[in-house]
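Undergrad: Below are the sequence and a predicted model for it; my questions follow.
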Amino acid sequence: MNSIIVIEDDPNLLRGLADTLRHESYDVLTSANGEEGFRLVSEKQPDLVILDLLLPGVDGFDVCRRVRHHGLNTRILMLSAQCDEHSRVQGFEVGADDYVTKPFSLRELMGRVRALLRRDTCPDVFPRSAPGVLTVRRTRNSDGSRESSLNEFGEQIALLKMGLELESGEREELPCQPYSGSNHCQFESPTSSHEQARGFRDERPGSLAGRRVGPYELFSLLGTGGMGEVYLATDTRLNRSVAIKLLSAHLSQDPELRQRFRREAQAVSSLNHPHICTLYDIGQHDDVDYIVMEFLEGQTLADRLRRGPLTIEQALQSGIQLADALSAAHHQGVIHGDIKPANMMLVKTGCKLLDFGLAVSAKDERAIKGTIAGTIPYMSPEQLEGTNVDSRSDIFAFGTVLYEMLVGRRAFDGNNKAQLVSAILKSTPLPVSVSRQSIPDGLDHLIQRCLARAPQERWQSAYDLKRELQRIARKHVEASEDNAAAHCTSNCR
């Protein structure tokens with residue numbers, strides 16, 4: 001049973017949320033005070049915290065900062081009447097996993113709760129105003145206190161039980177916040193993701209949902225990044241769901257960034273591998289470049305690691321698949337340049353490598369010299385120093401990701417960027433075996449070799465790295481089987 005703590009100072013809203021969550025079989029604790037709520041979170045370490053921004057004493061931003069400062073991996077869904085972009089961005093910056101503005105429907109909120117706990121569908125596809133849907137509305141009394149009005153809880157529970165069983169004619173569109181931190185979303189309802197996309201169009205202000213880009217009809221925003229936005233869309237020719245990445249309009253005027261965007265398409269188009277996100281199409285519409293990719297159903301490795309490290313078996317499997325993907329890319333002369341958990345998607349078929357936005361050709365000397373680009377915690381020393389970058393830089397990043405899979409925290413850390421860069425350039429992470437017992441023989445050495453500061457001391461190819469991981473995995477399975485057989489023999493005596 002998932003545990004949830006609700007921190008909200010409005011008694012009506014607090015009661016309504018708690019009753020709804022308990023009816024959905026969650027273990028729920030509540031608090032009306034920021035300071036008390038933080039102590040409760042520290043003590044209980046729940047799976048999810050639903051946190052109001054405006055709290056007496058310590059506000060939601062401060063509570064969120066404290067939770068992250070203490071290294072707690074709980075998910076945080078922030079509620080706020082502040083609908084401006086600055087507050088939303090600040091919420092994510094202090095560590096919130098999702099941010100919901102008021103007023104909101106309880107069905108929308110429950111959708112986001114299930115998505116954060118990975119129990120149900122993407123929060124972008126929950127309807128707002130099917131007949132009788134409960135809406136939480138904030139009002140301010142003459143004495144300055146705040147209240148929320150709710151319909152009768154019996155009606156609320158009945159409607160929540162209906163879930164997605166309403167006919168499409170009863171659905172209305174939902175202007176909800178985009179799901180943060182991922183370019184892809186997860187759909188697990190009985191209907192297909194394509195049917196869901198057609199049933200729930202995103203019509204937020206500024207959203208491109210409903211527009212056509214070439215033969216693609218856009219439905220909902222999946223995520224944003226430095227280069228642009230990714231939308232769930234339908235290929236009207238093949239009637240299938242796709243993810244379409246649009247270069248931001250203001251970036252389209254920059255020839256260098258436009259070239260980088262096209263370079264991503266060229267890099268991925270040369271690759272055909274089961275563990276690399278498939279490119280379907282590239283094009284230009286109204287002077288805006290776009291890339292069309294397969295729509296993946298799953299969660300990013302970054303999202304999964306928020307709940308803690310992977311099992312040894314999962315880490316080995318994902319590591320082998322990632323090394324195999326890198327081997328294929330490097331064989332085609334493509335250096336990814338931004339290997340990190342957020343660029344790896346966990347799907348039913350295993351691990352998929354995403355986002356070749358910083359990819360370069362090993363033959364392009366101008367692209368691999370003197371440019372500092374990437375995500376600092378996963379960048380190799382040569383990337384940080386702006387010197388020559390080659391496939392061994394991806395191998396260094398691979399080592400940081402495998403370390404994080406097994407330990408549950410980054411290989412290199414610091415209180416600020418300067419300390420983080422210094423750690424990568426000068427320090428050596430503690431062996432994985434210090435933090436985790438029963439590590440297979442050879443795995444510590446494999447990771448330490450990936451993380452060697454000098455490229456010539458690392459694994460020289462992803463193929464060799466994959467082969468060594470496969471050997472370690474086989475030995476681990478054999479050792480597990482031998483231990484199981486020995487245990488069975490001793491119990492039978």
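TA: Yep, that arrived.
Undergrad: thinking residue 269 is in contact with residue 280, fair?
TA: No: counting by Cβ atoms under 8 Å, residue 280 is not a contact partner of residue 269; they are 9.8 Å apart. For every residue, glycine as well, the C-beta is placed using N, CA and C.
Undergrad: So which of these two has more stuff around it?
TA: Just comparing residue 269 and residue 280: by other Cβ atoms under 10 Å the higher neighbour count belongs to residue 280, 18 against 15.
Undergrad: Wasn't that one part of a strand?
TA: Yes: counting by DSSP: H, G, I helix; E, B strand; the rest coil, residue 280 is part of a strand.
Undergrad: show me the contacts for it.
TA: Residue 280 is in contact with 235, 242, 292-294, counting by Cβ atoms under 8 Å, 6 or more residues apart in numbering.
Undergrad: Now, these that are in strands?
TA: Among the contacts of residue 280, the ones falling in strands (DSSP state E) are 235, 242, 292-294.
Undergrad: Now which of the residues you listed would you call buried?
TA: The neighbour count (16 or more other Cβ atoms under 10 Å) marks 235, 242, 292-294 as buried among these.
Undergrad: Take these and lay them out in a markdown table including pLDDT and distance to residue 315.
TA: Putting these into a markdown table (pLDDT from 0 to 100; distance: Cβ to Cβ, whole Å) gives the following:
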| residue | pLDDT | distance to residue 315 |
| --- | --- | --- |
| 235 | 91 | 35 |
| 242 | 91 | 30 |
| 292 | 91 | 32 |
| 293 | 89 | 26 |
| 294 | 89 | 25 |
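Undergrad: In a markdown table: the residues you listed, plus distance to residue 409.
TA: Formatted as a markdown table, these follow (distance: Cβ to Cβ, whole Å):
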| residue | distance to residue 409 |
| --- | --- |
| 235 | 40 |
| 242 | 35 |
| 292 | 36 |
| 293 | 30 |
| 294 | 31 |
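Undergrad: any weak-confidence spans in the stretch 301-450 of the chain?
TA: Applying pLDDT under 70 to the stretch 301-450 of the chain flags the ranges 357-373.
Undergrad: ok, which stretches of the stretch 301-450 of the chain are helices?
TA: According to DSSP state H, counting those that start in this stretch, the stretch 301-450 of the chain carries its helices in the segments 301-305, 312-331, 365-368, 381-385, 391-407, 417-426, 432-435, 443-450.
Undergrad: How is this protein partitioned into domains?
TA: 3-175, 181-296, 301-479 (automatic domain parsing).
Undergrad: Now do the same for the first one: mean pLDDT, whole number.
TA: It stands for domain 3-175. For domain 3-175, mean pLDDT rounds to 68.
Undergrad: Residue 392: what's it in contact with?
TA: Going by Cβ under 8 Å, 6+ apart, residue 392 touches 380, 455, 458-460.
Undergrad: ok, back up a step: packed most tightly, which of the helices of the stretch 301-450 of the chain would that be?
TA: helix 391-407 (a mean of 25; mean count of other Cβ atoms under 10 Å).
Undergrad: next one: it to chain centre, how far?
TA: Centroid separation for helix 391-407 versus its chain: 18 Å, with Cα atoms, centre = their mean, to the nearest Å.
Undergrad: Kindly calculate the angle that it makes with helix 312-331.
TA: On the basis of axes from the mean of the first three to the mean of the last three Cα atoms, to 10 degrees, helix 391-407 is oriented at 170 degrees to helix 312-331.
Undergrad: my read: residue 7 touches residue 50, true?
TA: Yes: in this structure residue 7 lies within contact range of residue 50 using Cβ under 8 Å: 7.1 Å.
Undergrad: which residues do the two both contact?
TA: Residues touching both residue 7 and residue 50 by Cβ under 8 Å, 6+ apart: none at all.
Undergrad: that's a strand at residue 4, yeah?
TA: Yes: per three-state DSSP, residue 4 lies within a strand segment.
Undergrad: how far away is it from residue 20?
TA: Per Cβ to Cβ, to the nearest Å, residue 4 is found 11 Å from residue 20.
Undergrad: Kind regards, and thank you for your time.
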